[in-house]
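[1] Here is a sequence together with a model predicted from it:
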Amino acid sequence: MESLEDIKARIEATVPGARMEIVPNGSPSAQRSLLLDGECALAVAKFLRDDERLRLDYASNVTAVDWLDQIIKEKVKTKQVVEGVEKEAEQTVEMKKPGYLEVVYHLYSMQLKHGPVILRLRTQDRGEGNHVPSLTSIWRGAEFQEREAFDLYGIVFDGHPDLRRILMWDEFKDFPMRKDYVEPDDYEYEPTAHDKVLERAKSHQPIP
């Protein structure tokens, strides 16, 4: 199969307005991926599925990642006047990098027997901007897996044919796979043994 750089170049030459970048991977697998802009995601996905050299007709895995807000420290050089003399100083500035949610698709070609090509879609943030386009219309096998990401991470897939919870019950209000999720002391659908409820409750009560 051709390199990710060649695939990216051909997409940009074929799909009008396509914007993407190659994301490196420092793990032992070193599997790099294509981060897509949401506006062009459907068109790029269709290209990957239908292109004669790629024929990526199978989405084997759809998963998600929760990236929390980060505080980034940067050293900035400034000029200060000390006793009438201008001197260069260095100070550390803290900046907040907003968190986001990310969907990861692993694509293979059953016809040409190659892959994977890995796609990434990112939400604007972890709150109201938690939307990405659904790719179920391109890869039907993504339907239940996108529902799972919706259920457990709170990612809203615009255009999904049946976006509803698949593991948690309808009344459940939170997203268990988010990194800041706090498990409740008890569940209304299946009361926990009283001693365990007390133990959980004590674990997050302030120490007197």
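    Yes, it's here. Residues are numbered from 1 along each chain as shown.
[2] which residues touch residue 40?
    Shown in contact with residue 40 (C-beta atoms under 8 Å, 6 or more residues apart in numbering): 15, 17, 18, 19, 20. C-beta here means a position set from N, CA and C on the backbone, and glycine is covered the same way.
[3] Does the second one touch residue 39 like I think?
    Yes - using C-beta atoms under 8 Å, residue 17 and residue 39 qualify as a contacting pair, with a distance of 7.3 Å.
[4] Spatially, which residue comes closest to residue 161, not counting chain neighbours?
    What sits nearest to residue 161 in space, not counting adjacent residues and going by C-beta to C-beta, 6 or more residues apart in numbering, is residue 136, at 6.2 Å.
[5] neighbours around the one you found, how many?
    The number of residues packed around residue 136, counting by other C-beta atoms under 10 Å, is 22.
[6] Let me know the secondary structure of it.
    Of the three states, residue 136 takes coil under DSSP: H, G, I helix; E, B strand; the rest coil.
[7] Spit out the contact partners of it.
    142, 143, 146, 157, 159, 160, 161.
[8] Highest neighbour count among those residues?
    residue 146 (27 neighbours).
[9] Nearest the middle, which residue of this protein would you pick?
    Geometric centre of the chain, nearest residue: residue 102, 0.7 Å, by C-alpha atoms, centre = their mean.
[10] Going by contacts, tell me the helices and strands next to the helix or strand containing that residue.
    Counting by DSSP states H and E, the element that carries residue 102 is strand 100-109. Contacts defined by 3 or more C-beta pairs under 8 Å, 6 or more residues apart in numbering; DSSP states H and E place strand 100-109 against strand 58-67, strand 114-122, helix 143-153.
[11] Work out the gap between it and the centre of the chain.
    From the chain centre to the centre of strand 100-109 is a distance of 8 Å (C-alpha atoms, centre = their mean, to the nearest Å).
[12] Please renumber the chain so that the first residue is 518 from this point on.
    Sounds good: first residue 518 from here, last item strand 617-626.
[13] Please work out the angle formed by the directions of it and strand 631-639.
    Per axes from the mean of the first three to the mean of the last three C-alpha atoms, to 10 degrees, the angle that strand 617-626 makes with strand 631-639 is 160 degrees.
[14] neighbouring contacts of strand 617-626?
    Residues from elsewhere that reach strand 617-626 (C-beta under 8 Å, 6+ apart): 550, 565, 571-584, 631-643, 647, 649, 652, 656, 659, 663, 666, 670-672.
[15] So which bits of that strand are buried?
    Burial within strand 617-626, assessed by neighbour count using 16 or more other C-beta atoms under 10 Å, is assigned to 617, 618, 619, 620, 621, 622, 623, 624, 625, 626.
[16] Name whatever forms a beta bridge with the last one.
    Beta-bridge partners of residue 626, counted by DSSP bridges, are residue 631.
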